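Chemist: no sequence for this one, just the structure:
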RNA sequence: GGCCCCAUCGUCUAACGGCUAGGACGCCGCCCUUUCACGGCGGAAAUAGGGGUUCAAUUCCCCUUGGGGUCACCA
């Protein structure tokens, strides 16, 4: 315990596509493990393939991590470490572990190139994997695999082997699609005289279509979920519990709890299928726990787009919308859609609707007119601001509603105020729009019912 | 196909060889409710199949079946 080296973990994404769920989970586990042991978490961009790598993906990856609150302690880039690889390739060449080979180019067979191959004399390589135990792989059919296109152009396995050792990575946690790469990397490390790190291969996440998550397969980029209005904590939480399970039955994990609880020995062996419905549930949990200010920030832009006159956004309306969103745990994207399609317009302007909307099932026009008239009279007895809050108006109208039937009394009132089949309660609406506006809308409804 | 790996409700999963196989999402029902939701309560739902080992298999071993990963001068 005393002399164990500090934990250093890393993710090694290649900037060749958007940051997707699988990589995000790997990043999360690496981060959690490092933090749990007071260690360091690094991001190392594997951009040795200059043809496919693109800086814009680097920023996508970094933004995703930052959104998820997974903050790297160190960020490096392999393309800036050519000299390190050159030195190691030279060592392999000098020690006879590697050799230059002149052969036809794979890309263009008419051309001849000189590549560098590892001289493979092993039969079996075995290593201990935290999740699966000892894995032994026959490497003889690997042959002398290519480790660099040239002295200045290392390939993936060489760069990884060198970096994991040189950077002192103690624990490699990565997707289990890398299992078959591991023996190659270990071979190179041994040839270089390095001690391989500890390996933990995490089963992949599958999409709903089956098969591993891939860049081309779609909409599972982390930033997409941000755009669609998910809360980052919920995304993290959903990821956390895909392929890992706690000792107890806790489901909702703030980041600190994750750090506390995480351990490698409870990683699942089987691949996991990601379901958005579960994420949606987590999202509800998180939205319901969010402070109002955070929700307001999410909702404000859409509101301002719909109602460009800022003065129309009075604080009471805003807080009513925000509270509704929080209580119901609504997905932000849905809130924006609703604002966009006019679901909240009645807070600002008198609604426009067809008269039949005022009449609940099984009632007729005359009854509705009577009930609404009575409601109008009752509300008129309130003067000034006192007694106009939602609780008071509810108390005021309840006895009459219970006598006549709640749906005959409350439905026409609510629809008169909102002009919508679905809306907040009439009492909440009245409180927000005020007495004057309330009375005007009821009068409008009565006029419509008169025809 | 070769090699490697995996297998509990539809999904995510729990269960040091010994329980009515537990929880969560989703689904269904009921309750709450003027509406839509939120919420509360309840229900259906699983150890892939076949052999062993054992007093006892979800748990250990083998086979079958099914699934996944990987086989680059990509990462």
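Modeler: Right, received. Where do you want to start? Not measured: the values here are computed from a predicted model.

Chemist: what comes up buried for the strand or helix carrying residue A:335?
Modeler: Assessed by DSSP states H and E, residue A:335 sits inside helix A:332-340. Neighbour-count burial for helix A:332-340, counted by 16 or more other C-beta atoms under 10 Å, picks out A:332, A:335, A:336, A:338, A:339. Quick note: C-beta positions are derived from backbone N, CA and C, even for glycine.

Chemist: so can I have a markdown table of those showing distance to RNA strand B and pLDDT?
Modeler: Formatted as a markdown table, those follow (distance: C-beta to the nearest atom of the strand, whole Å; pLDDT from 0 to 100):
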| residue | distance to RNA strand B | pLDDT |
| --- | --- | --- |
| A:332 | 14 | 96 |
| A:335 | 11 | 95 |
| A:336 | 16 | 94 |
| A:338 | 10 | 94 |
| A:339 | 15 | 94 |
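
Chemist: out of the residues you listed, who's nearest residue A:72?
Modeler: For the buried residues of helix A:332-340, the closest approach to residue A:72 (C-beta to C-beta) belongs to residue A:332, at 26.6 Å.

Chemist: From what I see, that closest one and residue A:296 are in contact.
Modeler: No. Using C-beta atoms under 8 Å, residue A:332 is not in contact with residue A:296, being 11.3 Å away.

Chemist: Would you map the helices across the stretch 1-150 of chain A?
Modeler: Secondary structure of the stretch 1-150 of chain A by DSSP state H, counting those that start in this stretch: the helices cover A:21-36, A:55-67, A:82-94.

Chemist: Report the angle between the first one and helix A:55-67.
Modeler: For helix A:21-36 against helix A:55-67, the angle between stretch directions is 50 degrees (axes from the mean of the first three to the mean of the last three C-alpha atoms, to 10 degrees).

Chemist: does any part of helix A:21-36 sit near RNA strand B?
Modeler: No. Helix A:21-36 lies out of reach of RNA strand B by C-beta under 7 Å from any atom of the strand, never closer than 10.0 Å.

Chemist: so what secondary structure elements neighbour that helix?
Modeler: If contacts are counted by 3 or more C-beta pairs under 8 Å, 6 or more residues apart in numbering; DSSP states H and E, helix A:21-36 sits against strand A:8-11, strand A:40-45, helix A:55-67, strand A:171-175, strand A:198-202, strand A:205-206, helix A:232-240, helix A:255-261.

Chemist: Specify the next element, helix or strand, located C-terminal of the last one.
Modeler: Helices and strands here follow DSSP H and E; after helix A:255-261, the next one along the chain is strand A:272-273.

Chemist: out of the helices of the stretch 1-150 of chain A, which comes closest to residue A:152?
Modeler: Of all the helices of the stretch 1-150 of chain A, helix A:82-94 comes closest under C-beta to C-beta, at 5.8 Å.

Chemist: Could you measure from residue A:295 over to residue A:357?
Modeler: From residue A:295 over to residue A:357 the distance is 29 Å, taken as C-beta to C-beta, to the nearest Å.

Chemist: more neighbours, those two?
Modeler: residue A:295 (23 against 18; other C-beta atoms under 10 Å).

Chemist: And for the nearest residue to the more buried one once chain neighbours are set aside, the neighbour number?
Modeler: The spatially closest residue to residue A:295, leaving aside those adjacent along the chain, is residue A:322, at 4.8 Å (C-beta to C-beta, 6 or more residues apart in numbering). Residue A:322 has 22 neighbours, counted by other C-beta under 10 Å.
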